[in-house]
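Student: requesting a structural model of the entry that follows:
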Amino acid sequence: MLARTPVDLYRGLVKVHLDDSIQSQIISVVARFTDCVFAGEKLSIHLTRFLQLTTRLNVYINSKVAADQSDVTLAVDLLDYLTSTSKWWTVTRQDPGLVLRPPSRDARGFIKSIADLQMGGNTLQRISGATEKLSRFLEEHEIGSQKDMEDLCNGLLSIWALISAFACRSQGRNITTEEDFETAYDTTRILLFYVDPIDYKALTAIRRLGTHPVLPLAAGVAFSPGFEKKLNASVAANLEKIHGDYLAPLALATSGASRSILTNSIRLLGQLQAVKQEIDRLEEDHYESIIIGSMDIIEKVGVSSDFLQNESSAVILFKGLHPAEGVDERIQLLVRRLESLIVDSTGNKDFLLQYARLVPRIVALLLLLAGKTKETPSAHLGDADVKRGLILLYALISG
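Tutor: Purely as a prediction, here's the structure:
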């Protein structure tokens, strides 16, 4: 079943106004590609249309009136996702969630490389046919003015051409085929009509989280033996020991990070507080204030902190962290993407060897937020839950 109907979506897209500041942002992103030619036009023109249309899409699906910088950012992150990762074309209408895979190539270099591609005759014929069909549909349903309809048709034409080329180049070929168009057509349809807004937000959240300047600072905050002793004797640590069996199904996907989900989360929350207070080591006498501060930070993103003290709440949380089918693999890919972003942003390929406990603590807190905000606490942990936890974690760290 369609999440969004074509008539409603197209009407919504033409109503979204992109002011000069938004257009300027888009132009600045594509400026480096003005010297490249692709499919009979400057590559920058196709990319401009892609970003304009996906910016409008984000405005519409989030029920907003006008575009702002965050909508352009989401559009750019989607373009980066399609050009820096692999296997994105395996997305289906039945399972339209975007898999947060680690990057496998440089996005800018990959985009430039499609200028060397040859668009096959069958691909061009199918794009032309789909554009004509879209034009007739828009006229039949009177979607906006003549210019609105032309802009939509040009936008979809560029998206189909670009995604055909991305699919072709991703698979190591130099001439697009009819199958590449099929991939582009299906992927575009899923992006427009099926993908949940949370998926687009998750693309931006993971990039901003992985490149956030506070993470390297937090990683360097040490814990005194006295602080560790108190934490290991805490209610949270005791709950993990007594009810740890409930966390076992998720342990493989998280390299054991979820077995200490409460205490790992407290450690990261403590490190974040220490950075703000300009403390490089948490001592025993910091313990009480750090626990109170941790509960306050969690509450500020709209999540109850009752599980840190209430056994029944903790048990419900632990039971609800049993992953749904395929979610464990998606968590592993998400973790690898996060690790790659952290390493790139620090400029130190050995950073995660020096601070090996940082990512397990991030993952623990992410899953804690995901588990605590599930609509049905007893249901298995789903992909959407994990992405919501990711978005909340970025909000928590940036807040």
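
Student: when you work out contacts or count neighbours from here on, use the C-alpha atoms and nothing else.
Tutor: OK.

Student: excluding its backbone neighbours, what's nearest residue 92?
Tutor: Distances taken as CA to CA, 6 or more residues apart in numbering put residue 190 closest to residue 92, at 7.2 Å, once the chain neighbours are dropped.

Student: how about residue 331, what does it touch?
Tutor: 253, 254, 386 (CA atoms under 8 Å, 6 or more residues apart in numbering).

Student: top of those residues by neighbour count?
Tutor: Within the contacts of residue 331, neighbour counts (other CA atoms under 10 Å) peak at residue 386, which reaches 26 neighbours.

Student: and that one, what helix or strand is that in?
Tutor: helix 383-398 (DSSP states H and E).

Student: quick check: mean pLDDT of that helix?
Tutor: For helix 383-398, mean pLDDT rounds to 96.

Student: go on, stretch 197-213?
Tutor: Stretch 197-213 comes out at a mean pLDDT of 97.

Student: flag every buried residue along that stretch.
Tutor: Buried residues in stretch 197-213, counted by 16 or more other CA atoms under 10 Å: 198-212.

Student: need the strands for the stretch 251-399 of the chain, in chain order.
Tutor: Along the stretch 251-399 of the chain, counting by DSSP state E, counting those that start in this stretch, strands occupy 281-282.

Student: what about the helices in it?
Tutor: 261-276, 287-300, 311-319, 327-346, 351-354, 358-372, 383-398 (DSSP state H, counting those that start in this stretch).

Student: out of those, which comes closest to residue 136?
Tutor: helix 383-398 (35.9 Å; CA to CA).

Student: dump the residue contacts of residue 175.
Tutor: Taking CA under 8 Å, 6+ apart as the contact definition, residue 175 lies against 117, 118, 119, 120, 168.

Student: next one: residue 50
Tutor: Going by CA under 8 Å, 6+ apart, residue 50 touches 155, 156, 158, 159.

Student: now the closest residue to the first one other than its chain neighbours, what's its secondary structure?
Tutor: Closest residue to residue 155 apart from its sequence neighbours, by CA to CA, 6+ apart: residue 49 at 5.0 Å. When classified by DSSP: H, G, I helix; E, B strand; the rest coil, residue 49 comes out as helix.

Student: show me what contacts residue 49?
Tutor: By CA under 8 Å, 6+ apart, the neighbours of residue 49 are 154, 155, 158, 159.

Student: now that we have the residues you listed, which of them are buried?
Tutor: 154, 155, 158, 159.

Student: contacts only, for residue 205.
Tutor: With CA under 8 Å, 6+ apart, residue 205 has these contacts: 390, 391, 394.

Student: low pLDDT regions in the stretch 251-399 of the chain?
Tutor: Applying pLDDT under 70 to the stretch 251-399 of the chain picks out residues 256.

Student: quick one: contacts for the nearest residue to residue 352 once chain neighbours are set aside?
Tutor: Leaving out its chain neighbours, the residue that sits closest to residue 352 by CA to CA, 6+ apart is residue 343, at 7.1 Å. Going by CA under 8 Å, 6+ apart, residue 343 touches 349, 350, 351, 352.

Student: nearest to residue 367 among these?
Tutor: residue 352 (20.1 Å).

Student: neighbours of the closest one, how many?
Tutor: 18.

Student: which residue ranges of the stretch 1-150 of the chain form helices?
Tutor: Counting by DSSP H, counting those that start in this stretch, the helices of the stretch 1-150 of the chain are 6-15, 20-30, 43-61, 69-84, 107-113, 121-140, 146-170.

Student: deepest of those helices, which one?
Tutor: helix 43-61 (a mean of 23; mean count of other CA atoms under 10 Å).

Student: quick one, it and helix 6-15 angle?
Tutor: Angle, helix 43-61 to helix 6-15, by axes from the mean of the first three to the mean of the last three CA atoms, to 10 degrees: 110 degrees.
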